[in-house]
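Novice: Got a predicted model here, sequence first, then my questions.
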Amino acid sequence: MNSNRPVIIGVAGGTGSGKTTVAKEIFNQFNQSSIVLIEQDAYYKNQDHLAFEERLKTNYDHPLAFDNELLYAHLMQLTDRSPIFKPAYDYANHTRAKEVSKIVPKDVIILEGILILEDERLRSMMDIKVFVDTDADIRIMRRILRDTQDRGRSIDSVIEQYTKVVRPMHLQFVEPTKRYADVIIPEGGENKVAIDLMATKIRTVIEQQST
């Protein structure tokens, strides 16, 4: 298989949809030596050149927040079987972290993020495009739990951000990308049947690529 192009699976969906859980569940069904998971969140743009007050205004739910040029270049390198140095993001300082992670090429690449289907170049590289479709009320509840428990935020601030930024951005940019999906998974990580079917499909694609 090493001489063949890796299989690239895109997993998109709104914040709190369960897309990260779906991506990790699929990841866990494969031998870790043959699969890699890349999060679009790691590719938020570097903002070192901006004052901290300016960085605080960043709209993380807008397509322009992502460095898709670098992400696309890295995917091209991985498909050429070359290693990459994946960035990381420092949310406390609202800019790219100094650390990077070396990622070696694998037979399967899972690319996960809210807006990975929004960029035509990224879409064109994917063999399978997945959209995790979860009701808005479930997504906001998951976001409230996550941000209050894991990020120390108040419920008021989470709801304000959701209503002013997250929800409008979802309706404008995330939801429309559902039409590009080959597979729509309702209810995210709770949908074990869909996840098992995805893993089976990926194995079939790998087998086809290797013959």
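Specialist: Arrived safely.
Novice: give me phi/psi at residue 159?
Specialist: Residue 159 has phi and psi values of phi -70, psi -40 when expressed as degrees, to the nearest 10.
Novice: quick one: it from residue 13, how far?
Specialist: Per C-beta to C-beta, to the nearest Å, residue 159 is found 21 Å from residue 13. The C-beta positions use only the backbone N, C-alpha and C, and glycine is treated the same way.
Novice: When these two are compared, which one has more neighbours?
Specialist: Higher neighbour count among residue 159 and residue 13: residue 13, with 31 against 15, using other C-beta atoms under 10 Å.
Novice: How about the more buried one: what's its closest non-neighbour residue?
Specialist: Closest residue to residue 13 apart from its sequence neighbours, by C-beta to C-beta, 6 or more residues apart in numbering: residue 132 at 3.3 Å.
Novice: The one you found in helix, strand or coil?
Specialist: Residue 132 falls in the strand class when you classify it by DSSP: H, G, I helix; E, B strand; the rest coil.
Novice: so what's it up against?
Specialist: For residue 132, the contacting residues are 11, 12, 13, 17, 18, 19, 22, 184, 185, 188, by C-beta atoms under 8 Å, 6 or more residues apart in numbering.
Novice: Beta-bridge partners for it, please?
Specialist: Counting by DSSP bridges, residue 132 is bridged to residue 13, residue 185.
Novice: Filter the contacts of residue 132 down to just the buried residues.
Specialist: Buried members of the contacts of residue 132, counted by 16 or more other C-beta atoms under 10 Å: 11, 12, 13, 17, 18, 19, 22, 185, 188.
Novice: quick check, nearest of these to residue 164?
Specialist: residue 17 (19.6 Å; C-beta to C-beta).
Novice: Give me the phi and psi angles of the closest one.
Specialist: phi -80, psi -20.
Novice: swap in residue 28?
Specialist: The phi and psi values for residue 28, taken as degrees, to the nearest 10, are phi -70, psi -10.
Novice: any idea how far residue 201 is from it?
Specialist: Relative to residue 201, and taking C-beta to C-beta, residue 28 is found at 16 Å.
Novice: element containing residue 209, please.
Specialist: helix 192-210 (DSSP states H and E).
Novice: Kindly report the same for residue 101.
Specialist: Assigned by DSSP H and E, residue 101 falls within strand 95-103.
Novice: Which positions within that strand qualify as buried?
Specialist: The neighbour-count check on strand 95-103 (16+ other C-beta under 10 Å) flags 95, 96, 103 as buried.
Novice: and the gap between residue 163 and residue 157?
Specialist: Noted for residue 163: a distance of 11 Å to residue 157, by C-beta to C-beta.
Novice: Residue 12 too?
Specialist: Distance of residue 12 to residue 157, computed by C-beta to C-beta: 26 Å.
Novice: do the same with residue 98
Specialist: Taking C-beta to C-beta, one finds residue 98 at 28 Å from residue 157.
Novice: Note down every partner strand of the strand holding residue 101 and its orientation.
Specialist: When pairing is defined by DSSP bridges, strand 95-103 lines up against strand 84-90 (antiparallel).
Novice: what mean pLDDT does the strand it pairs with have?
Specialist: Averaged over strand 84-90, pLDDT sits at 96.
Novice: Outside of it itself, list whatever touches it.
Specialist: Residues outside strand 84-90 that contact it (C-beta under 8 Å, 6+ apart) are 38, 41-44, 46, 67, 70, 74, 77-78, 95-97, 99-103.
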